[in-house]
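Q: mind looking at a prediction? Sequence and model below.
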Amino acid sequence: MKKLLLLAAFGLLASPAFAQNNDADVDQSGTNNFADVDQTGTNHEAFVNQDTDPDRAGGDAFVTQTGTSQFADVDQLGTSPNVFAEVIQGDGTGSGDNEAYVLQQRSQNNSRAIIHQDGTQNVGDIFQDTGGVNEAEIYQGQTDDASEGNRAEIDQDREDRSPGHALAQVYQDGLSNEAYVDQSLAPNAFAFIDQDGEDNWAEIDQQNTEAPDPNHQARVFQNGDLNEAQVLQEGTSTSRNNARVAQKGDENDAFLDQDGAGGSHVMQITQDGNLNQAGVSGDALFQSGLNHFLDVDQIGDSNIATSIQTGDNHTASIMQTGGMNEANVQQGN
């Protein structure tokens with residue numbers, strides 16, 4: 001039988017005691033679990049733990065917290081396939097200080113998690129260690145009010161090396177936000193980070209030398225000044241790595257590193273603005289393998305682009321428009 005649990009804590013203006021310091025603790029085990037927690041006010045805590053049944057598919061958890069300084073923790077364990085979790089936090093006023101954590105582990109296959117957070121100083125964290133298809137999305141900030149200091153982290157580090165694919169998406173609006181995606185053991189991984197604002201940091205790690213045919217795709221889009229992006233990709237002789245970074249604004253940095261015994265590696269970097277740099281430390285824009293393609297497009301002044309390619313087939317194209325530009329391309333076999 002399907003289990004249904006609905007918890008609601010609504011804060012009324014006439015009774016402020018009901019609007020603060022409410023805690024919800026949901027613990028479910030068995031088949032076809034469903035949990036829905038709705039809290040309004042400040043300083044709420046919600047804990048949802050679902051231990052799913054291997055013989056039945058499904059397990060859904062929803063947490064909605066309207067207000068500030070909220071905390072949500074959703075754990076979906078067990079071996080049931082097709083689990084889903086969604087956490088919504090914020091009141092739309094620009095405030096924040098919310099925390100949301102989602103753990104999906106040991107499911108047979110097909111896990112999805114979504115976190116929505118409005119305002120500033122929010123933390124969103126999704127960890128998926130399951131087989132099959134893993135999908136994770138984090139949305140932070142808002143366009144109509146200033147938001148800053150948000151941190152998003154998605155970890156799809158598949159320790160059991162099971163087949164399938166991982167999809168991670170992070171969208172952030174505001175200043176001084178951080179986004180991290182780790183898909184280091186996912187056989188087929190796609191990561192997308194979109195940041196609109198200044199002083200943002202984006203990092204994608206897709207390093208897998210153990211899967212037979214790992215395929216990695218990474219996309220980073222940053223609109224604003226003083227943004228930084230880092231993409232690390234590593235595979236095997238049959239892997240296909242594809243990374244693209246687009247930055248619009250002044251003084252942006254992009255660091256890309258693709259490594260592997262072979263396979264196909266593609267890099268594309270577009271920077272629009274002044275004092276942009278693409279790969280300025282270590283083995284910047286490093287590619288190792290059989291088939292390589294590198295395209296760096298910089299528009300503005302004082303741009304620097306470096307490239308190191310080793311292997312069999314290399315193609316490098318760097319276009320710089322403006323003054324005081326510097327390009328360094330090295331190719332070897």
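A: On my side now, so go ahead.
Q: tell me where the stretch 151-300 of the chain has strands.
A: With DSSP state E, counting those that start in this stretch, the ranges of strands along the stretch 151-300 of the chain come out as 151-155, 164-173, 178-182, 188-196, 201-207, 215-223, 228-235, 240-248, 253-260, 264-272, 277-278, 286-299.
Q: what's the closest of those to Ile115?
A: Minimum separation from Ile115 across the strands of the stretch 151-300 of the chain (CB to CB) falls at strand 151-155, 7.8 Å. Where you see a C-beta, it was placed from the backbone N, CA and C, and this is true even at glycine.
Q: by contact count, what packs against that closest one?
A: Contacting strand 151-155 under the criterion 3 or more CB pairs under 8 Å, 6 or more residues apart in numbering; DSSP states H and E are the following elements: strand 123-129, strand 132-140, strand 164-173, strand 178-182.
Q: make CSV out of the strands of the stretch 151-300 of the chain and add distance to Ala85, mean pLDDT and mean neighbour count.
A: Formatted as CSV, the strands of the stretch 151-300 of the chain follow (distance: least, CB to CB, whole Å; pLDDT from 0 to 100; neighbours: other CB atoms under 10 Å):
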stretch, distance to Ala85, mean pLDDT, mean neighbour count
strand 151-155, 13, 96, 24
strand 164-173, 15, 92, 23
strand 178-182, 18, 96, 24
strand 188-196, 19, 94, 23
strand 201-207, 22, 92, 24
strand 215-223, 24, 93, 24
strand 228-235, 27, 86, 24
strand 240-248, 29, 88, 23
strand 253-260, 32, 79, 25
strand 264-272, 34, 80, 23
strand 277-278, 37, 74, 25
strand 286-299, 37, 68, 21
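Q: redo the helices and strands packed on strand 151-155 as a markdown table? Include distance to Val245.
A: As requested, the helices and strands packed on strand 151-155 are exported to a markdown table (distance: least, CB to CB, whole Å):
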| stretch | distance to Val245 |
| --- | --- |
| strand 123-129 | 22 |
| strand 132-140 | 19 |
| strand 164-173 | 14 |
| strand 178-182 | 13 |
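Q: closest to Glu234 out of those strands?
A: Among the helices and strands packed on strand 151-155, the nearest to Glu234 by CB to CB is strand 178-182 (12.8 Å).
Q: quick one: strands adjacent to the closest one?
A: Strand 178-182 has its sheet partners listed here by DSSP bridges as strand 151-155 (parallel), strand 201-207 (parallel).
Q: before we move on, back to that, save the strands of the stretch 151-300 of the chain as TSV, and put in distance to Gly322 too.
A: Putting the strands of the stretch 151-300 of the chain into TSV (distance: least, CB to CB, whole Å) gives the following:
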stretch	distance to Gly322
strand 151-155	33
strand 164-173	29
strand 178-182	29
strand 188-196	24
strand 201-207	24
strand 215-223	19
strand 228-235	20
strand 240-248	15
strand 253-260	17
strand 264-272	11
strand 277-278	13
strand 286-299	7
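Q: looking at those strands, which is nearest to Val83?
A: Of all the strands of the stretch 151-300 of the chain, the one in closest proximity to Val83, counting by CB to CB, is strand 164-173 (14.1 Å).
Q: count of residues packed around Glu99?
A: Residue neighbour count, defined by other CB atoms under 10 Å, stands at 20 for Glu99.
Q: is it bridged to anything, and to what?
A: Following DSSP bridges, Glu99 is listed with bridge partners Phe71, Val123.
Q: distance check, it against Val170.
A: In this structure, Glu99 and Val170 are 16 Å apart, going by CB to CB, to the nearest Å.
Q: same thing with Gln105?
A: 21 Å.
Q: on contacts alone, who are the packing partners of the helix or strand encompassing His116?
A: Taking DSSP states H and E as the definition, one finds His116 inside strand 111-117. Packed against strand 111-117, as judged by 3+ CB pairs under 8 Å, 6+ apart, are the following elements: strand 83-89, strand 99-105, strand 123-129, strand 132-140.
Q: now what about the last one, what contacts it?
A: Identification of contacts with strand 132-140 by CB atoms under 8 Å, 6 or more residues apart in numbering yields 81, 102, 104, 107-117, 122, 124, 126, 128, 147, 150, 152, 154, 156, 158, 162-174, 177, 179, 186.
Q: follow-up on the earlier one: and the strand holding His116, how far out from the chain's middle?
A: How far strand 111-117 lies from its chain's middle: 11 Å, per CA atoms, centre = their mean, to the nearest Å.
Q: each with direction, which strands does it pair with?
A: Strand 111-117 has these partner strands in its sheet, going by DSSP bridges: strand 83-89 (parallel), strand 132-140 (parallel).
Q: can you put these in a markdown table and add mean pLDDT?
A: Listed next are those as a markdown table, based on pLDDT from 0 to 100:
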| stretch | mean pLDDT |
| --- | --- |
| strand 83-89 | 94 |
| strand 132-140 | 92 |
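Q: does Thr64 touch Ala46 like I think?
A: No - Thr64 is not in contact with Ala46 according to CB atoms under 8 Å; the separation is 9.1 Å.
Q: more neighbours: those two, which one.
A: With other CB under 10 Å as the criterion, Thr64 and Ala46 differ in neighbour count, and Ala46 comes out ahead with 27 against 18.
Q: so what pairs up with that one in the strands?
A: For Ala46, the beta-bridge partners are Ala24, Ala72 (DSSP bridges).
Q: thanks again, I'm all set now.
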